[in-house]
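Novice: let me see the structure of the following:
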Amino acid sequence: MATWKTMFIQDSASPLMEQLMFFHDHTLTILVIIMILVGQMLMSMFFNKFTHRFLLEGQLIEMIWTILPAITLILIALPSLRLLYILDEINNPMITIKAIGHQWYWTYEYSDYKNIEFDSFMIPMNEMKPFNFRLLDVDNRMIVPYETQIRLLVTATDVIHSWALPSLGIKIDGTPGRLNQVSFCINRTGLFYGQCSEICGANHSFMPIVVESISPSYFLNWVKSF
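Specialist: Below is the predicted model:
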């Protein structure tokens with residue numbers, strides 16, 4: 001059942017997502033102001049003939065109509081370009097993980113640590129526990145340490161997939177024969193859920209993504225367990 005909380009943006013789990021949420025709120029504020037001003041002008045034109053003549057025939061208002069949209073576009077474009085630069089920046093990653101998309105599951109490779117590699121399949125309905133989420137939980141989660149800069153390399157073996165995790169602000173395509181990369185840093189522990197966001201075949205909706213963020217010391221213990 002949908003609730004108000006599920007209809008909006010997920011809670012941020014990374015500095016990148018915080019910037020995306022700020023840009024969303026910034027742009028939405030500008031759009032609301034424009035909607036109010038345009039609505040007020042339309043009402044004035046409908047009920048007041050003098051205002052109608054001023055808005056349609058005044059040279060001053062034509063200048064305002066030209067300058068204000070230009071300023072509005074600048075106020076939206078500058079934060080947008082800054083955010084695009086931040087999204088593409090790779091800042092000295094401490095760990096590199098490779099995510100490989102298949103029809104229909106993910107493979108994760110930790111080449112920095114003994115070539116750790118495992119597949120991540122969705123948990124079938126008949127094997128789910130009471131605490132599992134339907135269509136979202138997997139048998140092997142991608143384990144990462146929090147407050148650590150991580151580089152993710154994404155590719156695919158058959159068709160185009162898309163590795164997407166809304167709470168981290170990440171959506172990157174996995175293309176056969178090509179490596180795409182993205183950098184992220186999780187600022188808290190927890191489980192973060194996502195799904196393939198590219199229509200990749202009949203079981204497209206059955207290849208979820210689960211990232212488990214743990215402390216660096218627990219992460220090193222997990223690495224030693226292999």
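Novice: give me phi/psi at S217?
Specialist: The phi and psi values for S217, taken as degrees, to the nearest 10, are phi -70, psi -40.
Novice: how about Y110?
Specialist: Dihedral angles of Y110 (phi, psi; degrees, to the nearest 10) stand at phi -110, psi 80.
Novice: what of Y105?
Specialist: When read as degrees, to the nearest 10, the backbone of Y105 gives phi -160, psi 170.
Novice: dig out what it forms beta bridges with.
Specialist: Note on Y105: beta-bridge partners H102, judged by DSSP bridges.
Novice: give me the distance between it and T29.
Specialist: The gap separating Y105 from T29 is 41 Å, by CB to CB, to the nearest Å. C-beta coordinates here come from the backbone N, C-alpha and C atoms, glycine included.
Novice: look at the two and report which has more neighbours.
Specialist: Neighbour tally, Y105 and T29, criterion other CB atoms under 10 Å: the higher count belongs to Y105, 19 against 11.
Novice: I figured that one hits S120, correct?
Specialist: Yes - Y105 is in contact with S120 according to CB atoms under 8 Å; the separation is 6.2 Å.
Novice: list the buried residues in the longest helix along the chain.
Specialist: When the chain is parsed with DSSP state H, its longest helix is helix 15-47. Under the neighbour-count criterion of 16 or more other CB atoms under 10 Å, helix 15-47 has L16, M17, Q19, L20, M21 buried.
Novice: among the helices and strands of the chain, which one scores worst on average pLDDT?
Specialist: Lowest on mean pLDDT, DSSP states H and E among the helices and strands of the chain sits helix 49-57, with a mean of 62.
Novice: on that earlier part again, packing partners of the longest helix of the chain?
Specialist: Judged by 3 or more CB pairs under 8 Å, 6 or more residues apart in numbering; DSSP states H and E, the packing partners of helix 15-47 are helix 49-57, helix 59-88.
Novice: pLDDT averaged over the longest one - what is it?
Specialist: Here helix 59-88 scores 85 as its mean pLDDT.
Novice: residue contacts, D137?
Specialist: D137 is in contact with M122, I123, M128, P208, V210, counting by CB atoms under 8 Å, 6 or more residues apart in numbering.
Novice: restricted to buried residues, select those residues in PyMOL.
Specialist: Buried members of those, defined by 16+ other CB under 10 Å, are picked up in PyMOL with:
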select buried, resi 122+123+208+210
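Novice: secondary structure element holding F219?
Specialist: F219 belongs to helix 216-224 when assigned by DSSP states H and E.
Novice: tell me what that helix is packed against?
Specialist: Counting contacts by 3+ CB pairs under 8 Å, 6+ apart, helix 216-224 is packed against strand 142-145.
Novice: ok, back up a step: same question for the helix holding F219: list its buried residues.
Specialist: F219, W222, V223.
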